[in-house]
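Novice: need a structure here:
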Amino acid sequence: MTNSKGIPGGTAQSRPADNAPGRNWLPVIGLMFSAFIFNTSEFIPIGLLSGIADDFGISESAAGMLITVYAWVVAIASLPLMLVFAKTENKRLMLSIVALFVLSHIVSGFAANYNMLMISRMGVACSHAIFWSIVTPLAVKVAPEGKGATALSMVVSGSSFAMIVGLPLGRTIGLLVGWRTAFLIIAGIAAMIFCILAAVLKRTPSDSSFSLRKLPGLIKSPALLGIFLLTLVAITGHFTAYSYIEPFLGQVAGFSNTGITLILAMFGVVGIIGSFIFSGHYSRTPRPFLLLAVAGLCLFLLLLHPAAFNPVTAVLLCLLWGFAINSYNLTFQTEIIRNAPDGTSVAMSIYSGIYNIGIGTGALIGGSVCSGIGIPYIGYVGGAIVLVAAIYFVRKLMPVLLGTGTRE
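Specialist: Prediction:
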């Protein structure tokens, strides 16, 4: 369902009366914590890439395959797993995937070799594949009446908070006591989140009305198909650069380990700020968010290398870049929920799968750039890829999105 502003909210009949506002937000808060730990795990190899490479005696581009394979497993598994578990009650499914997440990180922490680490990361990827298919529509479903946009922003804020605290803290732990300890700490935190979800998350019905027969109609939606195509290209460009931002900031921009950690944290800070701005303004003025998400992302990637010659401009560029990618994540998840009121979880699983194809392909292209023409050029290559997406978006997709659904 959507409210009068086109943002998912739900119906009064489907929610209890708001007689305990704080308690009603606990399920959303639990899901926000889950998003935090899942995103911390997804991107922590970026912050620990050098340590993992040194430990196993491999190159940084070879270690970057952890990011690529992880993303491709998510991409391949998202839709099939979501179709298999589409009729599973949401709380049971969420607890099951968090349990798999915990177990896989324990294996990561004790990995005897690179192959064992890769297999454990594939286990995390399978849990990730279902998690991001259900967490945003579930957050909207369990949120207090009319607060769907806020709930969505909170979940995405959990992702941004992973960049502020999770990724930099994981990197710091990795530098001090080793990357294995960082993975084991993630397992411990995830186990605590499992207990929180078991206590506060209410049983909610799955999206059982969706069947495989409806899939072609979902894919043929002009708005959804456009978002899927855009995401494939734009996220490939983004992760061509972002997958190797740690060595870029050290080798090209000349930042110390502490400086890199702080920049990664600030990258997430602007995501939190952006989430608050989004929840208050997107439904009324979507156009600026849409343009920032794609055209802004393209511009900031192209300026990455020129900005690296001065510490101030390098930091400012990373802040703007962080704001743009956060706007992308919020904007297009909202548009998927708005344009797929039936079969939202399946549409989100397709989006998650395509997003992760972009992550994996971007990491692979970025690794080739680093091994070929050199790490200083990752922003130019990534920006050129996003430029293709930006041209398509402005000419084709943005008019479709602004012309569909109910907007003020």
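Novice: Can you give the distance from stretch 336-346 to the centre of its chain?
Specialist: In terms of CA atoms, centre = their mean, to the nearest Å, the centre of stretch 336-346 is set 18 Å apart from its chain centre.
Novice: pLDDT on that stretch, on average?
Specialist: Here stretch 336-346 scores 76 as its mean pLDDT.
Novice: Next: stretch 123-141.
Specialist: Averaging pLDDT along stretch 123-141 gives 86.
Novice: Using PDB, write down the CA coordinates of it.
Specialist: Extracted C-alpha coordinates of stretch 123-141, given in PDB (Å, rounded to 0.1, in the frame of the first residue of the first chain):
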ATOM      1  CA  GLY A 123      27.500 -18.500   3.000                       C
ATOM      2  CA  VAL A 124      27.200 -14.900   4.200                       C
ATOM      3  CA  ALA A 125      26.200 -14.000   0.600                       C
ATOM      4  CA  CYS A 126      23.300 -16.400   0.700                       C
ATOM      5  CA  SER A 127      21.900 -14.900   3.900                       C
ATOM      6  CA  HIS A 128      22.400 -11.500   2.400                       C
ATOM      7  CA  ALA A 129      20.500 -12.500  -0.800                       C
ATOM      8  CA  ILE A 130      17.300 -13.000   1.200                       C
ATOM      9  CA  PHE A 131      17.900 -10.300   3.800                       C
ATOM     10  CA  TRP A 132      17.900  -7.400   1.400                       C
ATOM     11  CA  SER A 133      15.000  -8.900  -0.500                       C
ATOM     12  CA  ILE A 134      12.700  -8.700   2.600                       C
ATOM     13  CA  VAL A 135      14.100  -6.200   5.100                       C
ATOM     14  CA  THR A 136      12.900  -2.900   3.500                       C
ATOM     15  CA  PRO A 137       9.300  -4.100   2.700                       C
ATOM     16  CA  LEU A 138       9.200  -5.800   6.100                       C
ATOM     17  CA  ALA A 139      10.300  -2.500   7.800                       C
ATOM     18  CA  VAL A 140       7.500  -0.700   6.000                       C
ATOM     19  CA  LYS A 141       5.000  -3.400   7.000                       C
END
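Novice: now it, how far from the chain's geometric center?
Specialist: On CA atoms, centre = their mean, the centre of stretch 123-141 falls 11 Å from that of its chain.
Novice: Any regions of this structure where pLDDT drops low?
Specialist: For the chain, applying pLDDT under 70 flags the ranges 1-22, 146, 160, 163-164, 166-168, 206-215, 217-218, 404-408.
Novice: In it, where's the longest helix?
Specialist: Ranked by residue count and defined by DSSP state H, the top helix of the chain is helix 26-56.
Novice: could you point out which element follows it?
Specialist: Moving toward the C-terminus from helix 26-56, the next helix or strand (DSSP states H and E) is helix 60-63.
Novice: Tell me which residues of that next one come out buried.
Specialist: Glu60, Ser61, Ala63 (16 or more other CB atoms under 10 Å). C-beta coordinates here come from the backbone N, C-alpha and C atoms, glycine included.
Novice: Leu249 versus the first one, what's the distance?
Specialist: In this structure, Glu60 and Leu249 are separated by 13 Å, where distance is defined by CB to CB, to the nearest Å.
Novice: ditto for Leu49
Specialist: Separation of Leu49 from Leu249 (CB to CB) stands at 12 Å.
Novice: Isn't Tyr132 up against Ser34?
Specialist: Not Tyr; residue 132 is Trp. No - Trp132 is not in contact with Ser34 according to CB atoms under 8 Å; the separation is 10.3 Å.
Novice: can you give me the strands for this protein?
Specialist: Along the chain, counting by DSSP state E, no stretch forms strands.
Novice: what distance separates stretch 68-77 from the centre of its chain?
Specialist: Chain-centre distance of stretch 68-77: 13 Å, with CA atoms, centre = their mean.
Novice: got a list of contacts for it?
Specialist: Stretch 68-77 has contacts (CB atoms under 8 Å, 6 or more residues apart in numbering) with 42, 45, 118, 121-122, 124-126, 128-129, 132, 239, 352-361, 363-364, 367.
Novice: Ala162 contacts Asn39, doesn't it?
Specialist: Yes - taking contacts as CB under 8 Å, Ala162 lies within contact range of Asn39: 3.8 Å.
Novice: Mind checking which of those two has more residues around it?
Specialist: Taking neighbours as other CB atoms under 10 Å, Ala162 and Asn39 compare with Ala162 leading, 25 against 22.
Novice: burial measure for Ser256, as a count.
Specialist: 10.
Novice: what does Val312 give?
Specialist: 8.
Novice: cool, and Thr285?
Specialist: As a burial measure, Thr285 scores 11 neighbours (other CB under 10 Å).
Novice: Please tell me how far it sits from His238.
Specialist: 24 Å.
Novice: Check which residues of stretch 381-400 are buried.
Specialist: 381-383, 385-387, 389-390, 392-393, 397-398, 400.
Novice: any idea how far Asn257 lies from Phe393?
Specialist: Using CB to CB, Asn257 is found at 37 Å from Phe393.
Novice: Looking at the buried residues of helix 60-63, which is nearest Phe267?
Specialist: Phe267 has its nearest neighbour among these in Glu60, at 19.7 Å by CB to CB.
Novice: what's the neighbour count on the residue nearest to that closest one when sequence neighbours are not counted?
Specialist: Nearest non-adjacent residue to Glu60, counting by CB to CB, 6 or more residues apart in numbering: Ala53, 4.9 Å away. Look at Ala53: counted by other CB under 10 Å, it has 19 neighbours.
Novice: looking at it, Ala53 is touching Pro45, isn't it?
Specialist: No - here Ala53 does not reach Pro45: they are 10.1 Å apart, not a contact under CB under 8 Å.
Novice: what sits in contact with each of these two?
Specialist: The contact sets of Ala53 and Pro45 overlap at Ala63 (CB under 8 Å, 6+ apart).
Novice: which non-adjacent residue is nearest Gly362?
Specialist: Phe239 (2.8 Å).
Novice: Can you name the residues that contact the one you found?
Specialist: Ile67, Ala71, Gly358, Ile359, Thr361, Gly362, Ala363, Gly366, Gly382.
Novice: Name the nearest of those relative to Ala295.
Specialist: Looking across the contacts of Phe239 and measuring by CB to CB, the closest to Ala295 is Gly382, at 14.4 Å.
Novice: measure that closest one to Thr313 for me?
Specialist: For Gly382, the distance to Thr313 equals 18 Å [CB to CB].
Novice: Many thanks, we can stop here.
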